[in-house]
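kindly generate the corresponding structure for this input.
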Amino acid sequence: MALTEELTFKLDTSGVILNTDSVSVPFIDIFKVSGLDSAEYRTTTRDWEGNEGTFMDAEFERGRNIILEGTIVATNSTIEGYLDSLKANYAPSTTLKQFFFKAPGVAERFLYVKPLGCRYDWDQVRRLGMANVQILLFAEDPRIYDSTLLSFTVNLGATVFTGFSFNLGFSFDFGGTSSTTDQVNINVAGNRPTPPTFIITGPVTNPHILNDTTGSEMIFNIVLASTDTLTIDTKFKTVKLNGTANRRNTLVAPTWFYLQPGNNAIRYRAESSDPTSTLQIKFYPAYR
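Reported below is the predicted structural model:
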């Protein structure tokens with residue numbers, strides 16, 4: 001269930017909801033959150049030889065350290081059980097989990113994180129059934145995502161004819177591609193490029209995925225039967241046949257591309273023209 005109360009937090013879909021408006025004990029009052037601002041940039045500097053000044057490159061972001069600080073309000077008979085539930089919920093995991101949060105004025109968002117447990121001391125407030133606690137997480141992927149998964153289907157368009165080609169140390173070819181004006185326009189929310197997952201269903205021969213907005217294209221040298229699917233994960237740069245078999249070597253035009261904020265004009269082409277083949281696009285809009 002999505003978070004609806006402002007300034008609440010939850011790890012995984014069934015995790016303990018933190019900072020709820022409920023006043024029934026036990027509960028936790030979160031008073032500080034670190035790591036949801038701009039992620040740290042990876043920077044490289046080099047001197048400007050023969051001149052004053054220094055060049056700096058800062059294109060990519062590092063992962064995020066996220067820290068939640070709060071006070072648990074409970075009773076002497078309930079606090080330990082509540083701490084047990086938090087430690088179990090935020091125990092280290094070998095797989096990424098979704099950390100959801102609800103900021104004022106926007107819908108629920110999340111990050112993919114690995115939890116790093118809880119930290120707390122036994123001090124004087126423990127006599128009152130209270131404890132100050134830190135909850136630690138690390139987001140390998142610094143992107144913040146909208147929690148609504150969007151999905152679009154693109155039908156196979158015009159057949160692509162590749163013609164004949166000869167490779168004599170340099171490439172020249174004869175023939176061309178047919179083109180039509182049909183396309184699917186996808187309006188992407190968020191404020192940064194979003195990595196989509198493409199799912200191609202057969203039957204199809206040598207499918208092409210084109211983003212006319214950016215001029216990017218992905219071409220695959222593969223024949224899919226009617227029972228086959230090819231899943232392309234642009235974030236992890238994987239290509240899998242029927243969910244398991246690695247087929248990244250079939251990507252002959254490896255221009256991996258993300259969906260840009262705003263309009264994206266997507267076309268689906270192939271060297272076959274079976275109308276039952278489709279391209280499905282799934283993504284969460286991404287934010288900085």
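
residues contacting the closest residue to E40 other than its chain neighbours?
Excluding the flanking residues, the one nearest E40 by CB to CB, 6 or more residues apart in numbering is R62, at 4.5 Å. For the C-beta atoms, the positions are set from N, CA and C on the backbone; glycine is no exception. By CB atoms under 8 Å, 6 or more residues apart in numbering, the contact set of R62 is A39, E40, Y41, R42, P142.

any idea how many residues pack against the residue nearest to A74 when sequence neighbours are not counted?
Nearest non-adjacent residue to A74, counting by CB to CB, 6+ apart: P26, 3.4 Å away. Other residues near P26 number 21, with proximity taken as other CB atoms under 10 Å.

touching, P26 and I72? I think so.
Yes: with contact defined as CB atoms under 8 Å, P26 reaches I72; the gap is 6.3 Å.

hey, which strand is longest across this protein?
In the chain, with assignment by DSSP state E, the single longest strand is strand 109-120.

strand partners (parallel or antiparallel) of whichever helix or strand comes after it?
For strand 109-120, the following helix or strand on the C-terminal side (DSSP states H and E) is strand 130-139. Strand 130-139 has these partner strands in its sheet, going by DSSP bridges: strand 64-73 (antiparallel), strand 109-120 (antiparallel).

thinking again about what came up before, shared neighbours, P26 and I72?
In terms of CB under 8 Å, 6+ apart, P26 and I72 are both contacted by the residues I79, Y82.

send the alpha carbons of the longest strand of the chain over as PDB?
Only the C-alpha atoms of strand 109-120 are listed here, as PDB (Å, rounded to 0.1, in the frame of the first residue of the first chain):
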ATOM      1  CA  ARG A 109       8.700   8.200  -4.300                       C
ATOM      2  CA  PHE A 110      11.500   5.600  -3.600                       C
ATOM      3  CA  LEU A 111      15.100   4.700  -4.000                       C
ATOM      4  CA  TYR A 112      16.700   1.300  -4.500                       C
ATOM      5  CA  VAL A 113      18.700   0.700  -1.400                       C
ATOM      6  CA  LYS A 114      20.600  -1.900   0.700                       C
ATOM      7  CA  PRO A 115      19.700  -1.500   4.400                       C
ATOM      8  CA  LEU A 116      22.500  -1.300   6.900                       C
ATOM      9  CA  GLY A 117      20.700  -1.800  10.200                       C
ATOM     10  CA  CYS A 118      19.800   0.300  13.200                       C
ATOM     11  CA  ARG A 119      22.000   2.000  15.800                       C
ATOM     12  CA  TYR A 120      20.900   3.000  19.300                       C
END
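
could you give the average pLDDT over that strand?
For strand 109-120, mean pLDDT is 98.

okay, buried residues for that strand please.
By neighbour count with 16 or more other CB atoms under 10 Å, strand 109-120 contains the buried residues R109, F110, L111, Y112, V113, K114, P115, L116, C118, Y120.

quick check: what element follows the helix or strand bottoming out on mean pLDDT in the chain along the chain?
The weakest-scoring helix or strand in the chain, judged by mean pLDDT, DSSP states H and E, is strand 171-174 (a mean of 37). Note on strand 171-174: by DSSP H and E, the next helix or strand toward the C-terminus is strand 184-188.
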